[in-house]
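Engineer: Here is a sequence with its predicted model. Questions after.
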Amino acid sequence: MSMQSPRLTNGVASSQTIYQSTTDARHDVGTRGQMEDGRVFYYARNSSTALAPGKPVQSMEVDTDYQNINPSAAAAIGATSVAVTLGGANTIVANEYNGGYLVVNDAAGEGYTYRILGNAAVAAGTALTLTLDDEIIVALTTSSEVCVQKNLFADLVIAAAGHVHHMAGIPQMTVPIGTTAAPVYFWVQTWGVTGGWDYASTAVGAPLQSGATEGQLEVNDGAAQLVGTQLVVGVATEYRTKTLSVMP
């Protein structure tokens with residue numbers, strides 16, 4: 001087994017290295033792997049654009065079509081599914097939300113978070129039934145308000161300019177284009193030493209955020225997500241060494 005194959009939480013080495021992509025899922029999206037040197041990776045799937053080594057990637061952007069929406073039907077205590085109708089022209093493929101989360105943000109049941117196990121394929125404007133990992137604790141009504149969140153490592157894209165998103169990590173390889181219907185799977189690094197594309201000259205020890213330019217890293221402004229620390233002096237448009245601290 002290659003020394004570049006992450007070991008999973010049960011100590012078993014993955015059959016897929018950090019330099020390989022595949023169209024057949026070897027693990028569940030969001031599975032954690034760790035190298036012997038402490039670097040941490042999560043199993044991910046890409047979206048509709050190719051990804052590049054050393055360029056940060058982001059999770060699904062917050063979209064009003066998925067936030068603060070009402071269940072399509074009430075869900076009783078003990079229920080293991082919730083139906084919602086997402087806004088916009090969003091056609092959903094089977095299990096697109098596998099490993100994601102349903103957060104009840106207001107009204108009956110507020111404050112609870114439920115992990116999503118899967119979903120059926122539906123056309124835009126059609127009620128989407130989300131199968132949950134746990135039973136509903138407090139009954140939901142059609143006046144409850146919920147947020148539907150994909151897995152943080154599902155359908156990644158290069159981190160957009162302006163750092164108004166959640167950075168998911170940095171790939172260690174070129175990841176080819178995929179789609180939600182035909183995804184490509186890979187390991188994305190979230191913790192430890194890595195190269196990363198610098199936006200500007202950056203001092204050693206500087207805290208980092210995703211950059212003002214797509215796919216770059218820059219000094220954290222105290223308002224955006226803190227994603228790591230500069231290990232050596234950064235040079236604009238070069239890939240200099242950092243430590244990531246996105247997710248341990």
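Structural biologist: Cool, got the structure.
Engineer: Show me the residue sitting in the middle of this protein in space.
Structural biologist: residue 152 (2.1 Å; Cα atoms, centre = their mean).
Engineer: residues in contact with the residue nearest to it when sequence neighbours are not counted?
Structural biologist: Distance criterion Cβ to Cβ, 6 or more residues apart in numbering; nearest residue to residue 152, sequence neighbours excluded, is residue 59 at 4.7 Å. Quick note: C-beta positions are derived from backbone N, CA and C, even for glycine. Contacts for residue 59 (Cβ atoms under 8 Å, 6 or more residues apart in numbering) come out as 150, 152, 153, 154, 156, 165, 166, 167, 168.
Engineer: By pLDDT, rank these and give me the bottom one.
Structural biologist: The lowest pLDDT within the contacts of residue 59 belongs to residue 165, with 89.
Engineer: can you pull the contacts of it?
Structural biologist: So residue 165 contacts 58, 59, 61, 62, 159, 210 (Cβ under 8 Å, 6+ apart).
Engineer: What strands flank the helix or strand encompassing residue 44, and is each parallel or antiparallel?
Structural biologist: Using DSSP states H and E, residue 44 sits within strand 40-45. Note on strand 40-45: by DSSP bridges, its sheet partners are strand 32-34 (antiparallel), strand 185-197 (antiparallel).
Engineer: how close does residue 186 sit to residue 36?
Structural biologist: 20 Å (Cβ to Cβ, to the nearest Å).
Engineer: Hmm, I typed the wrong one, I wanted residue 209.
Structural biologist: Distance, residue 209 to residue 36, by Cβ to Cβ: 29 Å.
Engineer: When those two are compared, which one has more neighbours?
Structural biologist: Shown here are residue 209 and residue 36; by other Cβ atoms under 10 Å, residue 209 has more neighbours (22 against 8).
Engineer: Looks to me like the more buried one is in a helix.
Structural biologist: No: looking at residue 209 with DSSP: H, G, I helix; E, B strand; the rest coil, it is strand, so not inside a helix.
Engineer: thought it was touching residue 222?
Structural biologist: No: the pair residue 209 / residue 222 is not scored as a contact, 9.2 Å apart, by Cβ atoms under 8 Å.
Engineer: quick one: the residue nearest to the centre of the chain and residue 43 touch, right?
Structural biologist: No: counting by Cβ under 8 Å, residue 152 does not reach residue 43; the two are 11.4 Å apart.
Engineer: Now do the shared contacts for those two.
Structural biologist: Common neighbours of residue 152 and residue 43 (Cβ under 8 Å, 6+ apart) are residue 30.
Engineer: Identify the residues contacting residue 190.
Structural biologist: 40, 41, 42, 168, 169, 244, 246, 247, 248.
Engineer: same thing but 10 Å
Structural biologist: 32, 39-42, 44, 152-153, 167-170, 227-228, 244-248 (Cβ atoms under 10 Å, 6 or more residues apart in numbering).
Engineer: Show me where this protein dips below the pLDDT cut-off.
Structural biologist: Within the chain, the ranges that satisfy pLDDT under 70 run 1-3, 62.
Engineer: just the helices in it please.
Structural biologist: Counting by DSSP state H, the chain has no helices to list.
Engineer: Endpoints of stretch 199-218, how far apart?
Structural biologist: 5 Å (Cα to Cα, to the nearest Å).
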